[in-house]
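**Student:** Sharing a model that was predicted from the sequence below.
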Amino acid sequence: MSSLVKKAQDPYEQLIKVLLLGNSGVGKTQILLRYCDNNFKTGYMCTIGVDFKIKKLQVDEKMVKMQIWDTAGQEKYQTLTQNFYKGAMGILLVFALNNKDSLRDIDKWMNQIKQHASENIIKVLIGNKADIKERCISNEEAQSLAEKYGIPYFETSAKEGTNVNEVFLQVAKLINHHHQDQQNGNANKVLSIHQDEKKVDSSCC
């Protein structure tokens with residue numbers, strides 16, 4: 001009875017887990033706050049370990065509950081962070097458009113993903129702080145890195161809210177489509193097995 005009540009109070013058709021990865025100071029926490037609470041806090045915010053928020057959204061006529069994990073960028077927390085790759089379905093790789101090192105370190109984060117996350121995990125590259133005048137990374141440079149890994153690229157501003165909702169919606173759609181493709185693939189495998197069994201049966205009679 002309690003599970004039925006819970007479902008009625010909090011209806012959703014799919015639960016997806018998403019991680020925010022990237023160097024310290026690139027704005028991961030601010031992106032999360034802007035998306036979930038429509039809020040922006042001035043000043044530097046350092047995440048200690050990991051934190052998460054929940055957001056429900058409509059994706060292709062399906063109600064999705066997104067569990068978004070904000071991970072610490074400091075190296076001393078990376079062993080802890082690696083534990084949260086398990087079960088993740090999407091990753092937002094964030095760098096700051098005024099920080100060359102944060103863009104270069106995307107290669108390091110991609111290597112960690114390769115080691116600890118699912119092979120088919122959805123990945124999106126995000127250049128944050130698009131509102132600032134002191135950017136030192138061009139759109140072409142960031143696009144080139146995204147093309148290297150075959151992933152979409154977005155420029156966001158957590159301060160102004162630019163493209164933040166669009167990024168999470170795109171990630172949710174990509175995860176949903178990948179999930180559907182897997183289900184269709186499994187269904188086709190089952191159908192193929194049944195067809196093969198029928199062929200064997202007919203040849204034996």
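**Tutor:** Right, received. Where do you want to start?

**Student:** can you map out the strands along the protein?
**Tutor:** 14-21, 50-59, 62-71, 90-96, 122-128, 153-155 (DSSP state E).

**Student:** would you list those strands in TSV and tack on distance to residue 114, mean pLDDT and mean neighbour count?
**Tutor:** The C-beta positions use only the backbone N, C-alpha and C, and glycine is treated the same way. Listed next are the strands of the chain as TSV, based on distance: least, Cβ to Cβ, whole Å; pLDDT from 0 to 100; neighbours: other Cβ atoms under 10 Å:
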stretch	distance to residue 114	mean pLDDT	mean neighbour count
strand 14-21	12	94	21
strand 50-59	20	88	15
strand 62-71	16	91	20
strand 90-96	11	97	26
strand 122-128	10	98	26
strand 153-155	19	98	19
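
**Student:** Would you format those as TSV with distance to residue 36 included?
**Tutor:** As requested, those are exported to TSV (distance: least, Cβ to Cβ, whole Å):
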stretch	distance to residue 36
strand 14-21	11
strand 50-59	4
strand 62-71	7
strand 90-96	13
strand 122-128	16
strand 153-155	17
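
**Student:** Please identify which of these is closest to residue 134.
**Tutor:** strand 90-96 (10.3 Å; Cβ to Cβ).

**Student:** and the angle for that closest one with strand 122-128?
**Tutor:** Counting by axes from the mean of the first three to the mean of the last three Cα atoms, to 10 degrees, strand 90-96 lies at 20 degrees to strand 122-128.

**Student:** got the angle for strand 90-96 vs strand 14-21?
**Tutor:** 30 degrees.

**Student:** Report the inter-axis angle for strand 90-96 versus strand 62-71.
**Tutor:** Between the axis of strand 90-96 and that of strand 62-71 there is an angle of 50 degrees, by the same axes, to 10 degrees.
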